[in-house]
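Trainee: coords please:
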Amino acid sequence: MSSIRITTACGVYFNDSLLMVREKQENREVLDIPAGGLHANEDVLGCVKREVLEETGVTIQNPSLKAVFQVIEPNQTTINFLFTEILHERPILNSSRSVIGEDISDVMFLPIKEIQEKVSTQPELFEHALARKRLELLLAKDVSPNSVIMVTL
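Mentor: Sure thing, here's the model as predicted:
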């Protein structure tokens, strides 16, 4: 039987950089934006704010919905709500924060050009379908920051 999972993620921008976390998934190091699953009795806006705070120590105020997409796998369908927030002041990052159930080893702002380079030269860092799709949508040049996209993978 297939299950349905709802996740949120947020592309947090400062200058020409994107807030990223380095974490262990399935015994390998990967890069992703702050993201995680919806808890019972939690709304998606509360979820995205909680996940960014838990994973990075950064408080976001007004995340904007960028895209809603689903990833269909044999045993699970994941519906992802992708948000963005632009920061005007550089926040203090909590890279030593230990998140229960996750193995985050670093929190950083990476320049967008560096992310684009890593996507093409080190695709294994973005091997998970959700992480790849989130970055693809965040880095798309032809998509307005205010547009909402619906996608099925």
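Trainee: contact partners for the spatially most central residue of the chain?
Mentor: The C-alpha lying nearest the average C-alpha coordinate of the chain belongs to Ile33 (Cα atoms, centre = their mean; 3.1 Å). Counting by Cβ atoms under 8 Å, 6 or more residues apart in numbering, Ile33 makes contact with Ala9, Cys10, Gly11, Val12, Leu18, Leu19, Met20, Val21, Ala131, Arg134, Leu135, Leu138. Any C-beta I mention is one placed from the backbone N, CA and C, and that applies to glycine too.
Trainee: if we go to 10 Å?
Mentor: Applying Cβ atoms under 10 Å, 6 or more residues apart in numbering to Ile33 gives the contacts 9-12, 18-21, 51-52, 55-56, 82-84, 115, 131, 134-135, 138.
Trainee: go on, Phe126?
Mentor: By Cβ under 10 Å, 6+ apart, Phe126 lies in contact with Val30, Leu31, Asp32, Ile115, Lys118, Val119, Arg132, Lys133, Arg134, Leu135, Glu136.
Trainee: can you give me the strands for this structure?
Mentor: Taking DSSP state E as the criterion, the chain carries its strands at 3-14, 17-25, 28-32, 35-37, 64-72, 76-87, 104-111, 149-152.
Trainee: okay, those strands in CSV with mean neighbour count, distance to Pro123 and mean pLDDT next?
Mentor: As requested, the strands of the chain are exported to CSV (neighbours: other Cβ atoms under 10 Å; distance: least, Cβ to Cβ, whole Å; pLDDT from 0 to 100):
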stretch, mean neighbour count, distance to Pro123, mean pLDDT
strand 3-14, 19, 19, 94
strand 17-25, 19, 15, 88
strand 28-32, 16, 11, 87
strand 35-37, 19, 19, 93
strand 64-72, 18, 17, 86
strand 76-87, 19, 20, 92
strand 104-111, 16, 16, 90
strand 149-152, 11, 20, 52
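Trainee: picking up where we left off before, and the contacts of Phe126, which two are the farthest apart?
Mentor: Pairwise distances across those peak at 16.0 Å for Lys118 and Lys133 (criterion: Cβ to Cβ).
Trainee: spatially nearest residue to Val30 (excluding sequence neighbours)?
Mentor: What sits nearest to Val30 in space, not counting adjacent residues and going by Cβ to Cβ, 6 or more residues apart in numbering, is Leu125, at 5.6 Å.
Trainee: since that was my last question, I'll sign off now.
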